Structures are given as structure tokens and as C-alpha cells.
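Participant: please find the sequence and the predicted model below.
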Amino acid sequence: MKHGLIMTMNLAVVLAAHASPGPTPAAAAAPIAPPMDIAYPGGIHLTVDASDIERHIVRVRESITGVKGDSVLLYPQWLPGEHSPNGPIERLAGLQITASGANIAWTRDPVQMYAFHLHMPPGASAIEVEFDYLSPTSSGAGPPEFSREILMLEWNSLVLYPAGYFTRRIPVEAAVTLPEGWQFATALEKESSDANRTKFKHTTVETLVDSPLYAGHYASRIDLDPGAAVPVHMNLFADRPDLLSLKPEQIDIHRALIKQAYKLFASHHYAHYDFLYSLSDQVQMIGLEHHQSSEDGTVPTAFTEWDKQPWDRDLLPHEYTHSWNGKFRRPADLWTPNYNVPMRDSLLWVYEGQTQYWGEVLAARSGLWTRQQALDQWGDTAAYFDALPGSRWRSLQDTTNDAIINGKDRHLSWRTWQRAFDYYPQGALIWLDADTLIRERSQGKRSLDDFARAFFGIDDGSMTPVTYTFEDVVKGLNAVEPYDWSSFLRERLDAVDKPAPLAGITRGGYKLVFNDTQSDYSKAVDVERKRTTLLYSVGLTISEKNATIIDVLWDGPAYQAKLTEGMEILAVNGAAYSAEVLMSAIKAAKDASTPIELIVKTQDRFRVANIDYHGGLRFPHLVRDPAVPARLDDLLSPR
């Protein structure tokens, strides 16, 4: 032992004597003041000109007072609702900063690229900031925010704010110029209007960023809670005026959504609420939550062809639920004092997962979905996670990092193996599991509704966020139904290579089965998304826009035939490809021993792929199990 110690010491001496004079770390960047919960000693006057709908250029001018010494301005990076550092700083151009007419030099921080260091002249305390926000002019540059009829303004894209302060302590006054004759909607409160320019009341940077603005040539505003002291409106913006024609029963269903949400949460946390709802294929179809509003987008004919398009009707209830879960009550590690402090997404299975669950439940309770459509949606979700190979190596808890890992929601080559954003649908399955367990243990006397009311319904009328932790969630569940909820949740969140969490389906009185007929709901989803889903038979999903494979089930039959995402299918068993031809081939292969032959193209290469599959068409469904109480029927019924 002593001999070994001596050898080690001698080796250290030799290494030290022959040490190479290698590089040393670069000097640290100039410090950026951390946010403090103190009042900002000045304010921001923000003026935005969004009238250039042809070129999609937004002109921004800020007058910022209270700036002293060498200061730092921040462009929002970590965006609420997106849970990731996706602030579109690449679209900021033409930045100029002056004080008393003299140019002020600015330097971008070499590490924090969303920070701009200002080198202020002595005695200066007010600056003028000008820049252009270059909204995408084509889908290749990003999701479109402008069209000739609609524009969508995100204030986080249009403001630089001082470092060193909580955004709720920085005052701001904003004004916007829109195309002439256009109508707009926002949660911001209007102070005055002059022609096509509107000035909004004094607020804070936090509220400004949380209050996007939609405007359009063709618009309609519908009162969803007539006579209420706290108004709720649906603001529609469409590509054409005829798309704004709603039938009375459609309005009644959306009004029922508000009533069902109030019965669920027994509270509200807004002074007024506005759905900003685009009916357009010219601007992005977004879903993004805010405290007193939400950004919602769907197909142009959502109302005029109501019966054909049920697939995204849980969007409004989902985003509306976020006013309670996500905006008012918020995971402690997702709340940040400004938009440049990193967020942590560990509780997205509550923030998004439980919101996904309530969005689907409220869609059924309000009549946006029929009960069968809700069951079909859950059947599709259950089937996907029952087949998901990615769960063999990656836990649901780890997918809560996807908003950061894959923040732009890039298309993945092997989505079923890599996993992506599964905390939404699989999180909903976990909460369905918890709901039916509470119902079973309490013999129907209690449910997850009681948790929602007690957890999200506190401080009725307050808009001050209240944060929560994992322990708070467990405590809230125990207050409804005593149980080992910590183990219940951790087993489902951290599980690897375990069965999918389908107990909520079976305990709810249903079974997952497969047959050769696709449900009407799933078929409508495929038609709208222009795809053919054959994931549970040959293991493929195909885009019908260009006959291109968009998903391959890892380890499935198509995978074994070495098919990949991005391949174009040219022929099936010698016949030109169509969805009908492929499905006919799958049916015929059930009674044959020969494989299904595809001719596929990758770039400039062609080859034959043989899929050795003989199980026939398989589409998921939920069927009633009469041996178990119909708890799913009960929880989907209106209150």
C-alpha cells in the first residue's frame, strides 16, 4: 500500500513537471442583473405599427425611462405556455437605440444572446428604441402570423425590457396601429381609439406579454355568458365573411362550455375572458393559453361544415382550462420572474396532462363532442400507448423535457421510439386512471372533479398566481380520497418497459379492442389531416398529400421491411398506390402467405419492400364491459 502511494506521488510530480501550457478559459461576460421584486423606477411606452400586411413587417418603437448607467435590455426568450426558450429573436432586425437624439452603442451578450448591453452616456436616463419585427412571409420561414385578412400579434415578439426587475414590476403603456377598417380583440383594456390606432390602458410587461392581439378584416364577437358580471367572449377571425355564420345550437354548445367549466372549478381567475379564434388555413392554427384569453386556431369551415370536423373541438376547453391550471395555479419550477430566467418543466404532466384530460371531459360535457367521439378519442390514445415501443427505454417523466429538447416540435424520423410531448395524452390517461380510482374507492361519492374544485378553485376572483409542487398535488388528492398517491403517480411517471396506464379505461367500464373498421371520429381526423393511419396493422402512417410515409412503428412490420419516414410509396402489389389499394392488399394478405409488396422511392432511388404481415386491418375501439360500472359514461355526462 505504501509503495503504491509513493508511485502515485512520483507520477504526479512527473506530470506537473511536464505540464503543457494549454489555453485558459475566456474572461466571463459582463454581468446581467438578476430580476428583483422591486418597482422599476421608470416605464415603457410601446408603439407598434402592424399595418404592413403585404410585407409582414411590424415597426416597433419604445420610449424607456429609468435607464441608468450601463444597462441591459432583454428580449423575451422563455415563453409561458411554450415552456421553452423559443423567443423568435432571429426576427428582430434594424435595432437602433438613441438618447437625446444621439446613438447609443449596444453589444449583444456573448453568452445570453437575448441580452443587449447598452453603453449609456453620462447623465442619460431615457432612451428611444426602434426595431423591425419580421414576421414570416412564407411557411418556410416559420408559422404564418399574417395574411391579407388576419394578423396575430404576440407582444413578447415586440418588446425589449430592462433587466434586473420582475416583469410584473415594470409598467408599460402600449399602442397599436392596424390596417384600416380591421377589428381586433385582446385581453388588454382599451383606453382610446383614433382611426386605426388604439391605445391601451397602463399595465405591466407581465400582463402585456400575456395578452396577445388578433385582428382581421372579417370578424365576429359572440357573448358566451350573457348577463354575467364577468364576461366571456368568443372572437372569431376568418378568411371569408361566410365562415362566420354560426347556428344557434353551435353558440349554445360553446355557452355550455362556460357553464360546465364553472361547475367543475366553481371559480374564475380573470376579470374577463376572450377566446381569440381564427378560422383560417392562411395563418397558423395555434393553441396557446393566457390568463384572460387564449389563442385558438382551426380550419376555415369549422362551423360551416360542423358535422365533418369534430377532431379538434377539445381545443377551446383545453386552453380555457389553462386559466385555472397553468396560469392561476402554476408549477413552482415553471413560474419565473421574467422571460429570460430558464423554466423547468418537471410538472407538465399536471400542467398539460391534467388540462388535456379536462379539455376532453369538458368537450363531452358541453356537447362539443358526443360521448362516442370522446370514447373514440380515448380509444385512439389507449391504443397508441399500448403499442408505443419508446416506453421501453424512456419514461413519461423524461418527456416533460421535450418542450426544451424539441422546442420547435420538429418532425421526428422515429417518433414511436424517440417519444415526443407524450405528457399531454399519456398524462391524460394517468388522470383518467386517478379519477376512476377515486370513484371506485368512494363508491361514486367523490371524483377528480372534487380535486379540481379544491385545488384550482381557491381564491375565487384572484388573478395572482399560486404555485404548486408534486407534494401539493399529492396532498390535494389525499384530501379528496386518502391513498398512497405519491407511489401511484411515481410508478406511472417513472415506469420504463411497463404496460401502458390503461386502468382508467378498464376501471371505467370499457375494454380496448381492435377490428377492421375505423371509427367515424378517427376517420374524420385522418381526412382533415390528409393521412391514412395503419399503425396497428402494417405499422405505417401515410400522408395522402404526396403518398409519403410520415410515421413507422418501431419494430413493426413496416420497420422490419426497412421502410422509413420520408419514403414515397409508388405501388402496392404492382398497382399504383392509393390508400384504398393498400388497405385492400392488407385485407387480402390475411388469407395469404405472400408478403405485401411495395415499390418505394427515397430521393432518386427505387426499391421493392416486402411487408410480411397477415393480421388484417386493425383499428382501435372502446367497447362496454358490463361487468364493471360505466364510470366513463358518468364522468363524461354534463353536470
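Facilitator: Yep, it's here. The structure displayed is predicted, hence computed values, not measured ones.
Participant: distance of residue 417 relative to residue 65?
Facilitator: Taking CB to CB, to the nearest Å as the measure, residue 417 falls 54 Å from residue 65. The way it works is simple: take the backbone N, C-alpha and C, and place the C-beta from them, glycine included.
Participant: more neighbours, the two?
Facilitator: Of the pair residue 417 and residue 65, residue 417 is the one with more neighbours under other CB atoms under 10 Å, namely 19 against 14.
Participant: what's the end-to-end length of stretch 275-285?
Facilitator: End-to-end span of stretch 275-285 (CA to CA, to the nearest Å): 14 Å.
Participant: buried ones in it, by neighbour count?
Facilitator: Using 16 or more other CB atoms under 10 Å as the test for burial, stretch 275-285 gives 275, 276, 277, 278, 279, 280, 283, 284, 285.
Participant: please apply the same query to stretch 134-145.
Facilitator: For stretch 134-145, a neighbour-count test (16+ other CB under 10 Å) marks 134, 135, 136, 142, 144, 145 as buried.
Participant: what does that stretch rub up against?
Facilitator: For stretch 134-145, the surrounding residues in contact (CB atoms under 8 Å, 6 or more residues apart in numbering) are 55-58, 88, 91-93, 146, 151-154, 282-284, 286.
Participant: out of those, which sit inside strands?
Facilitator: The strands, defined by DSSP state E, take in 57, 58, 92, 93, 151, 152, 153 from the contacts of stretch 134-145.
Participant: closest to residue 24 among the residues you listed?
Facilitator: Distance to residue 24, by CB to CB, is smallest for residue 92 among those, at 33.8 Å.
Participant: might you list the low-confidence residue ranges for the stretch 1-150 of the chain?
Facilitator: Residue ranges of the stretch 1-150 of the chain with pLDDT under 70: 1-19.
Participant: just the strands from it, written as ranges.
Facilitator: Taking DSSP state E, counting those that start in this stretch as the test, the strands found in the stretch 1-150 of the chain are 44-52, 57-65, 71-74, 92-99, 102-103, 106-108, 115-118, 126-134, 150-153.
Participant: how about the stretch 201-350 of the chain?
Facilitator: For the stretch 201-350 of the chain, the strands defined by DSSP E, counting those that start in this stretch cover 203-204, 213-216, 218-223, 232-238, 273-279, 287-289, 293-298, 329-331.
Participant: just put those strands in TSV and tack on distance to residue 320 and mean pLDDT.
Facilitator: Converted to TSV, these look like this (distance: least, CB to CB, whole Å; pLDDT from 0 to 100):
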stretch	distance to residue 320	mean pLDDT
strand 203-204	22	98
strand 213-216	16	98
strand 218-223	14	98
strand 232-238	9	98
strand 273-279	7	98
strand 287-289	8	96
strand 293-298	6	98
strand 329-331	14	98
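Participant: filter the contacts of stretch 134-145 to the buried ones?
Facilitator: Of the contacts of stretch 134-145, these count as buried by 16+ other CB under 10 Å: 56-58, 88, 91-92, 146, 151-154, 283-284, 286.
Participant: Throw those into TSV and include distance to residue 368, thanks.
Facilitator: Shown next, in TSV, are the buried ones among the contacts of stretch 134-145 (distance: CB to CB, whole Å):
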residue	distance to residue 368
56	33
57	38
58	34
88	32
91	35
92	39
146	29
151	27
152	23
153	27
154	26
283	22
284	22
286	18
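Participant: just the CA atoms of stretch 23-37, as CSV, please.
Facilitator: Provided in CSV are the C-alpha atoms of stretch 23-37 (Å, rounded to 0.1, in the frame of the first residue of the first chain):
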residue,chain,number,x,y,z
PRO,A,23,-5.4,27.5,-23.1
THR,A,24,-7.2,29.1,-20.2
PRO,A,25,-10.9,30.0,-20.1
ALA,A,26,-12.0,33.2,-21.7
ALA,A,27,-13.0,36.1,-19.5
ALA,A,28,-16.5,36.0,-18.2
ALA,A,29,-19.1,38.1,-19.9
ALA,A,30,-20.3,41.3,-18.4
PRO,A,31,-22.8,40.6,-15.6
ILE,A,32,-26.6,40.8,-16.2
ALA,A,33,-28.5,41.9,-13.1
PRO,A,34,-30.8,39.2,-11.8
PRO,A,35,-34.5,40.1,-11.5
MET,A,36,-35.5,41.7,-8.3
ASP,A,37,-39.0,42.1,-6.8
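Participant: tell me which residues are up against that stretch.
Facilitator: Stretch 23-37 has contacts (CB under 8 Å, 6+ apart) with 70, 72, 109-112, 115, 117, 163-167, 169, 337-338, 341.
Participant: farthest pair within the ones in strands among the contacts of stretch 134-145?
Facilitator: Spatially, the most separated pair among the ones in strands among the contacts of stretch 134-145 is 93 and 152, at 19.3 Å (CB to CB).
Participant: for the closest residue to residue 375 other than its chain neighbours, give the beta-bridge partners.
Facilitator: The shortest distance from residue 375 to any residue other than its chain neighbours is 4.8 Å, reached at residue 622 (CB to CB, 6 or more residues apart in numbering). Note on residue 622: beta-bridge partners by DSSP bridges are residue 512.
Participant: secondary structure element for residue 369?
Facilitator: Counting by DSSP states H and E, no helix or strand carries residue 369.
Participant: burial measure for it, as a count.
Facilitator: Using other CB under 10 Å, residue 369 is surrounded by 25 other residues.
Participant: same check, this time on the one 10 residues further on
Facilitator: If you count neighbours by other CB under 10 Å, residue 379 ends up with 24.
Participant: pretty sure it contacts residue 621?
Facilitator: Yes. The pair residue 379 and residue 621 passes the contact test of CB atoms under 8 Å, sitting 5.3 Å apart.
Participant: between those two, which contacts overlap?
Facilitator: Common neighbours of residue 379 and residue 621, using CB under 8 Å, 6+ apart, are 512, 519.
Participant: hang on, the earlier thing: wait, which of the strands of the stretch 1-150 of the chain is closest to residue 520?
Facilitator: Counting by CB to CB, and looking across all of those, nearest comes strand 150-153 at 30.8 Å.
Participant: what's in contact with the closest one?
Facilitator: 48, 50, 53, 58, 145-146, 176, 178-179, 182, 212-217, 237-239, 276, 278, 280, 282-284, 286, 295.
Participant: repeat that for stretch 239-249.
Facilitator: With contacts defined as CB under 8 Å, 6+ apart, stretch 239-249 is touched by 147, 149-150, 218-220, 222, 236, 238, 279-282, 300-301, 303-304, 306.
Participant: for that stretch, C-alpha coordinates in PDB please.
Facilitator: Extracted in PDB, the C-alpha atoms of stretch 239-249 (Å, rounded to 0.1, in the frame of the first residue of the first chain):
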ATOM      1  CA  ASP A 239     -60.700  34.200 -44.200                       C
ATOM      2  CA  ARG A 240     -64.100  35.000 -45.600                       C
ATOM      3  CA  PRO A 241     -67.300  36.500 -44.100                       C
ATOM      4  CA  ASP A 242     -69.400  33.400 -44.800                       C
ATOM      5  CA  LEU A 243     -67.200  31.400 -42.500                       C
ATOM      6  CA  LEU A 244     -68.500  33.400 -39.500                       C
ATOM      7  CA  SER A 245     -72.100  32.000 -39.800                       C
ATOM      8  CA  LEU A 246     -72.800  30.100 -36.600                       C
ATOM      9  CA  LYS A 247     -76.000  28.300 -36.000                       C
ATOM     10  CA  PRO A 248     -77.800  29.000 -32.700                       C
ATOM     11  CA  GLU A 249     -77.100  25.400 -31.500                       C
END
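Participant: in stretch 254-269, what's buried?
Facilitator: Using 16+ other CB under 10 Å as the test for burial, stretch 254-269 gives 254-258, 260-262, 264-265, 267-269.
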